[in-house]
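**Q** Output the structure for:
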Amino acid sequence: MKQDPIHSQLLNSHTLFQNHPAISQALAPHAQTKVYEKDDVVLRHGDAATSLWLVLNGWVKLTRQTPDGKESIVGLCTEGDVFGEAALFSHANYPYHAQTLSAQTKLAAIPAGVIRKLISENATLSGSIMALLNAHTSQAQLKLEQMSTMSAAQRLGCFLLRLCHTQANGKKTLQIPVEKHILAAYLGMKPETLSRSQQQLKPLGIAVAGHDITVDTIEKLRDFVCNSCSESGSCETEAVD
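**A** Got it, this is the predicted structure:
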């Protein structure tokens, strides 16, 4: 793992601190960027929450595990995401295990004491953090809803719509960033169900070749997915052309 100081402009480019250069400048002397290889452990469930983590690039898997060895994927984080929110509270522990899914995953670690002090002094940052926590709660509630209201193919389609939002380009060619068994577990299905779901999306113009997926007409995919979601009409993925 390579560790370096962070420049305030890099912090300011992250969604949490966009348009708040003064906050980024105050944080920069205390934060560190860390570059991980694939499958590196970032933090462990139950560790003292000493840092708030920002994803600058790459992918991170958040998991919980039962005593008998069953693993549950509670989150997949990529560029612009935040994890380790327990660091916002005194004497807290991380509620999950974090592990990188891609090589050269770049993260920024902000010491818990520093971020808590800035929150107490800056109403703007406090508001941003509250909005972040609210968004995470809403996402968890939405995922639970989708497990009961959407078919497996629709849940896969929703994930692809979110990739379109983050990897948007004119051809709508996407790259699945994680192994299929990990994606299947995250979406609440078995790997063979994921494969069948990919086949079910073909009539909508979804072509799958390994980790590469092409979405011919995003409107067809959106119609297939969003009619079964309570966020229809207000979801950020609906801004994708």
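
**Q** quick one, helices of the chain?
**A** In the chain, the helices defined using DSSP state H lie at 8-12, 21-27, 112-121, 123-149, 152-166, 180-186, 191-200, 218-226.

**Q** Counting neighbours, what do you get for Gly69?
**A** Neighbourhood size, Gly69 [other C-beta atoms under 10 Å]: 6. No exception for glycine: its C-beta is placed from N, CA and C like everyone else's.

**Q** Which pLDDT value goes with Ala103?
**A** Per-residue confidence at Ala103 stands at 91 (pLDDT).

**Q** roughly how far apart are it and Ile182?
**A** 15 Å (C-beta to C-beta, to the nearest Å).

**Q** The two: which has the busier surroundings?
**A** Higher neighbour count among Ala103 and Ile182: Ile182, with 18 against 12, using other C-beta under 10 Å.

**Q** Is it correct that that one is in contact with Ile73?
**A** Yes. Assessed by C-beta atoms under 8 Å, Ile182 is found in contact with Ile73 at 6.7 Å.

**Q** Walk me through the domains of this structure.
**A** 2-145, 150-239 (automatic domain parsing).

**Q** returning to what we had before: and of the helices of the chain, who's closest to Phe83?
**A** Of all these, helix 123-149 sits nearest to Phe83, with 9.1 Å by C-beta to C-beta.

**Q** Report all helices and strands that the closest one contacts.
**A** helix 112-121, helix 152-166 (3 or more C-beta pairs under 8 Å, 6 or more residues apart in numbering; DSSP states H and E).

**Q** roughly how far apart are the residue lying closest to Leu43 once chain neighbours are set aside and His136?
**A** Using C-beta to C-beta, 6 or more residues apart in numbering and skipping the chain neighbours, the partner closest in space to Leu43 is Ala98 (4.8 Å). Applying C-beta to C-beta, the value for Ala98 to His136 is 14 Å.

**Q** Need the overlap of contacts for Ile182 and Ile73.
**A** Lys61 (C-beta atoms under 8 Å, 6 or more residues apart in numbering).
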